[in-house]
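Participant: Structure for the following, please:
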Amino acid sequence: MSTERKWTPKDDEVDEEEEEDIQQYQSQKDAILFAIHVSESMLATHDDTEDPPSSPKDTEKPKSKKATPSSAVLTALQCAYSVLQSRIISNPADMIGILLFGTATTKFTTDSGYQHCYLLLDLDVPDATGIRELKNLISDPAEFSALLAPSDEPVSMANVLFAANQIFTTKAANFQSRRLFVVTDNDDPHAKDKALRNSAITRARDLYDLGVRIEPFFIAQPGKPGGFDAARFWDDVVYRAPGEDEDAEMVVSATADGTVRLKEMVSSILSKSTAKRALFNTKMEIGPGLLIGVKGYMLYKRQEKARSHYVFTSAERAQLVTGVTTKVAAETARVVEKTEIRKAYKFGGEQVVFTQEEMKAMRYFGEPVIRILGFKPAASLQFEHNVKPAKFIYPDESTHVGSTRTFAALHKKLADSNKMGIAWCITRRGGPPQVCALYPSIEVVIDGVQTHPPGFFLIPIPFADDMRQNPDVPIVKAPARLIDRMRAVVKQLHMPKGYIPEKYSNPALQWHYRILQAIALDEDLPEKAADPTLPKYKLIEKYTGAQCKEWFDELLEATAGMAVTSEKTGTKRSVVNVRDGGGPAKRVKSEKAGAGGGDEVESAYKTNTLNKLTVAKLKGWLDSQGLIAVGKKADLIDAVENHFESKK
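Facilitator: Below you'll find the predicted structure:
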């Protein structure tokens, strides 16, 4: 939700009720504290980054050049550095800190005796100085080894959790979201001391009572039978929310490639660092008097450039801009007071003024509710009906007891009957109503990972005006010999592992973030953007250069004497001669709906069949008459009718 923030100046005209409702959907500040365990095993590097060969052919394969041995502590610090870089851009008000425990030296904000706890980065809004110091620590092996020396005696987890408690209490007392990321490879730190174990469990309970959520990231060391066993200690410390997956913690192999391990940890931490907030919280009316509570979520959203603040960069240091909106009169430039402003709509060429109460009444369609109107076969919802992003709704027991059982019964009945619900939806106060489809979703598990729990997709159903007929495009099929030539090219160019969308980031968005990062960290601006989506022309030429030339020669023979024209309303495109290597061809004379089409338009007006004419003919005729030819087809028809009616 934090990526959806956009800077807008304060508008005093917004109603008070609407302002209170909008605050529920605004992103809230987060406080994240990394707690990284420093020990001999966490600092050890592993060279066996690949599995042993299973066949003679595998022994011939050279080891990957990208395989870089890396310790778990270094990987965790690199992960924290990546999170700091992303947060300073996308969430500039969030707080992030790094606490190392198990170190030989002790450093803390107070002298409270937190032995072997080193506060590397205090919990605060990240700044350029702190991020550069962390980067220097990661890149300088000497400084890294001197600072991260493990202690000879074990560290008390109760002290670590109590130190985290004090950091959150003093630095982020009023934050709605507070998270503690624990990175360790010790599955039972107090196996021989039951008192310390019970004390750590008590401190963990205090953190959860404070509203701090513990997110564990476990490192599985090689040679340990059974791997990392969270049941020995951490299951009593990490409290999960009701209905959360029991395998929610992440276990990373210590022998994995350093780059692979870093990517896995960064991906997991970034996904967990953003709190899962509901988009709306409302009630669902299944029948008269039968209400249950539901919450709505947005599962997928396109990542776009988000503007949280304007920045003034012309001074010596970049400064945030405070926006102020002032309304002035157009004629005299006099400042207009709020009491002088009225809202009006234009009807028949006149301004019709409405009071604030009348405006509220016109915008009010009832209290927020998802009211089921009826049921239809699920097959009646076509693919082209998905014109807007769907929301995902899930039951909420906090407002209506028994909502989960009723919701589950409705979901099971609709899924078994292959039906869907039709609902009247107002998701927020003052919002417009929509007719939506309640489509039951089935639980999907891919590679052992649950994509989403079973629930309902709330799909807005389009109105008739939102559905447009696709244009008639003539299909020209290529000759068989041309297809055979292209088949040879495709066989040479293929992806062994298939198309992986995660490998291709949005280059424009990444370039935008890279510029912001350079400004925020006082770094030199980059000169060139990396675009992984560009074709690899050298490899294409190497593997299919000859086949591509043969295909092009075949294309020239198949299109000998042909000219390709492309026409589109409102734009001009050149005519290309394929035979002469793409040069300009002789312009083909085409009929334009101008003066010659006047009789046809007038005849269509008299027979009331203007809607059968194309938009191009209507615009051409209006241009020939010196009239304005803009808008949709209905607007063009109205302009033609008004012209003929004015002559009567």
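
Participant: give me the number of residues near I286?
Facilitator: I286: 17 surrounding residues under other C-beta atoms under 10 Å. All C-beta atoms are positioned from the backbone trio N, CA, C, and that covers glycine.

Participant: ugh, wrong one, I meant D206
Facilitator: Neighbour count for D206, taken as other C-beta under 10 Å: 14.

Participant: Can you classify it by secondary structure?
Facilitator: Here D206 is helix, with the state taken from DSSP: H, G, I helix; E, B strand; the rest coil.

Participant: what about I36, helix or strand, and which?
Facilitator: Secondary structure assigned from DSSP states H and E places I36 in strand 30-37.

Participant: cool, and T282?
Facilitator: strand 280-287.

Participant: correct me, but H37 touches D185?
Facilitator: Yes: applying C-beta atoms under 8 Å, one finds H37 in contact with D185, separated by 6.9 Å.

Participant: So between those two, which is more surrounded?
Facilitator: Between H37 and D185, H37 has the larger neighbour count (other C-beta under 10 Å), namely 25 against 20.

Participant: who's in contact with I459?
Facilitator: Going by C-beta atoms under 8 Å, 6 or more residues apart in numbering, I459 touches 381, 385-386, 390, 436-437, 439.

Participant: quick one: it and P389, what's the gap?
Facilitator: Going from I459 to P389 by C-beta to C-beta, to the nearest Å gives 9 Å.

Participant: likewise F108?
Facilitator: 46 Å.

Participant: Grab the longest helix from the chain for me.
Facilitator: As assigned by DSSP state H, the longest helix anywhere in the chain is helix 537-558.

Participant: quick one: low-confidence parts of the chain?
Facilitator: 1-28, 46-69, 90, 110-112, 222-227, 240-276, 307-308, 445-452, 561-598, 648 (pLDDT under 70).

Participant: Can you spell out which helices and strands pack onto the longest helix of the chain?
Facilitator: helix 480-492 (3 or more C-beta pairs under 8 Å, 6 or more residues apart in numbering; DSSP states H and E).

Participant: quick one: contacts of the next helix or strand after the helix it packs on?
Facilitator: Using DSSP H and E, the helix or strand that follows helix 480-492 towards the C-terminus is helix 507-520. For helix 507-520, contacts defined as C-beta under 8 Å, 6+ apart pick out 85-86, 88-89, 128, 303-305, 311, 313, 318, 523-526, 529-533.

Participant: contacting residues for Q351?
Facilitator: Contacts of Q351 by C-beta under 8 Å, 6+ apart are 344-345.

Participant: tell me which element it falls in.
Facilitator: With DSSP H and E as the test, Q351 turns up in strand 350-354.

Participant: what pairs with that strand, and is each one parallel or antiparallel?
Facilitator: strand 343-347 (antiparallel) (DSSP bridges).

Participant: Give me the contact list for the partner strand.
Facilitator: 351-354, 356, 359.

Participant: What is the most widely separated pair among those residues?
Facilitator: Greatest spatial distance among the contacts of strand 343-347 (C-beta to C-beta): Q351 and Q356, at 16.4 Å.

Participant: domain parsing for this protein?
Facilitator: Domain ranges of the chain: 27-46+69-275, 311-362, 480-560, 608-647, per the TED database.

Participant: returning to what we had before: which of the contacts of helix 507-520 fall in helices?
Facilitator: Assigned to helices by DSSP H, the following of the contacts of helix 507-520 qualify: 85-86, 88-89, 128.

Participant: re the thing from before, helix or strand right after the strand holding T282?
Facilitator: That would be, after strand 280-287 and using DSSP H and E, strand 290-297.

Participant: what packs against that next one?
Facilitator: Counting contacts by 3+ C-beta pairs under 8 Å, 6+ apart, strand 290-297 packs against strand 280-287, strand 391-395, helix 403-417.

Participant: Let's see stretch 99-109 as CSV, backbone CA atoms only.
Facilitator: Once non-C-alpha atoms are left out, stretch 99-109 reads as follows in CSV (Å, rounded to 0.1, in the frame of the first residue of the first chain):
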residue,chain,number,x,y,z
LEU,A,99,21.1,-5.0,16.1
LEU,A,100,24.0,-7.5,16.2
PHE,A,101,23.9,-10.0,19.0
GLY,A,102,26.6,-12.4,20.0
THR,A,103,29.5,-10.0,19.4
ALA,A,104,32.6,-9.8,21.6
THR,A,105,32.0,-6.0,22.0
THR,A,106,29.0,-4.3,23.4
LYS,A,107,27.4,-1.1,22.2
PHE,A,108,24.0,0.1,23.2
THR,A,109,22.2,3.4,23.7
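
Participant: what's in contact with that stretch?
Facilitator: 33-39, 42, 114-120, 122, 147-152, 154-155, 159-160, 163-164, 167, 170.

Participant: Just the buried ones from these, in PyMOL syntax?
Facilitator: In PyMOL, this line selects whichever of these come out buried by 16 or more other C-beta atoms under 10 Å:
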select buried, resi 33+34+35+36+37+38+39+42+114+116+117+118+119+120+122+147+148+150+151+155+159+160+163+164+167
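
Participant: follow-up on the earlier one: compare the helices and strands packed on strand 290-297 and give me the one nearest K619.
Facilitator: strand 391-395 (39.2 Å).

Participant: The closest one: how far from the chain's middle?
Facilitator: 18 Å (C-alpha atoms, centre = their mean, to the nearest Å).

Participant: Take that strand, keep the C-alpha atoms, and write them as PDB.
Facilitator: C-alpha atoms of strand 391-395 as PDB (Å, rounded to 0.1, in the frame of the first residue of the first chain):
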ATOM      1  CA  LYS A 391     -10.400  -7.400  -5.100                       C
ATOM      2  CA  PHE A 392     -10.100 -10.400  -2.800                       C
ATOM      3  CA  ILE A 393     -12.400 -10.600   0.200                       C
ATOM      4  CA  TYR A 394     -12.000 -12.700   3.300                       C
ATOM      5  CA  PRO A 395     -14.200 -13.100   6.500                       C
END
